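# Dropping the sequence and predicted coords here.
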Amino acid sequence: MTKLVTTADAGHVRTITLNRAEKKNALNLELAWGVIAAVEQAAADDDVWVVALTGSGDAFCAGLDLSGSEPYSPYTPQTAMLDDIGWVGQFLLTIRKKCDKPVVGGVNGVAVGAGLGLAMATDVRIVARSARLRYAARLTRALIQQVERVCHEGVDPRVAVKLLMGREMKPE
């Protein structure tokens, strides 16, 4: 089995790559927690000044892998039971709060649902012209709050509304 998350260092830049190209880097529990662990390791390494996050193949991340996966948590059973935000909340918490280094999202292809959430959690996003961005979730309070946060960070409200309504976005 291939490693789901790979890392490579070039100078002071650590590149973290989602490595499930055959599934368009769709998130299962192991991949999601692997990304979080890789960002935490980069944050703790004084030789790393910048973290780059990207996907392998032609996709950044196609969202949640709906084909199912084995239960997985890096936490003890008791801590996992008490964890009320899971990997979804940990993306934002780890990238924005635990990591004091800039995290750059290299969106090299499709970023849908949780994959778009991961991309939006990064500090800066560089989006390929061929990339497609789309929310795949129902309209929920959490989704509205995330779009409000994105607007607060300088995203055009018209773009945020299109994402909120589930319309596909392509870079201009």
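Received it, and whenever you're ready, just let me know what you need.
# residue ranges for the strands of this structure, please.
Along the chain, counting by DSSP state E, strands occupy 5-10, 13-18, 50-55, 59-61, 103-107, 110-112, 124-127, 133-134.
# Pick the most buried one from these.
Burial of those is given as mean neighbour count (mean count of other CB atoms under 10 Å); strand 59-61 ranks first at a mean of 29. (Glycine included, C-beta is placed from N, CA and C.)
# That one pairs with which strands?
strand 110-112 (parallel) (DSSP bridges).
# sorry, back to before: and of the strands of the chain, who's closest to Trp33?
Nearest of these to Trp33, taken as CB to CB: strand 5-10 at 9.2 Å.
# Does that closest one pack against any helices or strands, and if so which?
Strand 5-10 is packed against strand 13-18, helix 29-44, with contacts defined by 3 or more CB pairs under 8 Å, 6 or more residues apart in numbering; DSSP states H and E.
# picking up where we left off before, can you check which of the strands of the chain gets nearest to Gln78?
Closest approach to Gln78 among the strands of the chain (CB to CB): strand 5-10, 25.5 Å.
# Tell me the strands beside the closest one, with direction?
In its sheet, and by DSSP bridges, strand 5-10 pairs with strand 13-18 (antiparallel).
# can you list contacts of the strand it pairs with?
The contact list for strand 13-18 (CB atoms under 8 Å, 6 or more residues apart in numbering) reads 4-9, 25, 31, 35, 38-39, 42, 45, 48-56, 60-61.
# same question, stretch 100-111
Residues outside stretch 100-111 that contact it (CB under 8 Å, 6+ apart): 24, 39, 42-43, 48-55, 57-62, 95, 118-128, 130-134.
# Now that stretch: average pLDDT?
Across stretch 100-111, pLDDT averages out at 95.
# ok so, going back, quick one, which of the helices and strands packed on strand 5-10 is packed in tightest?
strand 13-18 (a mean of 22).
# Helix 29-44 and that strand, what's the angle between them?
For strand 13-18 against helix 29-44, the angle by axes from the mean of the first three to the mean of the last three CA atoms, to 10 degrees is 170 degrees.
# Dump strand 13-18 to CSV, keeping only the CA atoms.
Provided in CSV are the C-alpha atoms of strand 13-18 (Å, rounded to 0.1, in the frame of the first residue of the first chain):
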residue,chain,number,x,y,z
VAL,A,13,9.7,24.6,2.3
ARG,A,14,7.9,21.4,3.4
THR,A,15,5.5,20.1,0.7
ILE,A,16,2.8,17.9,2.0
THR,A,17,1.0,15.9,-0.7
LEU,A,18,-2.3,14.0,-0.5
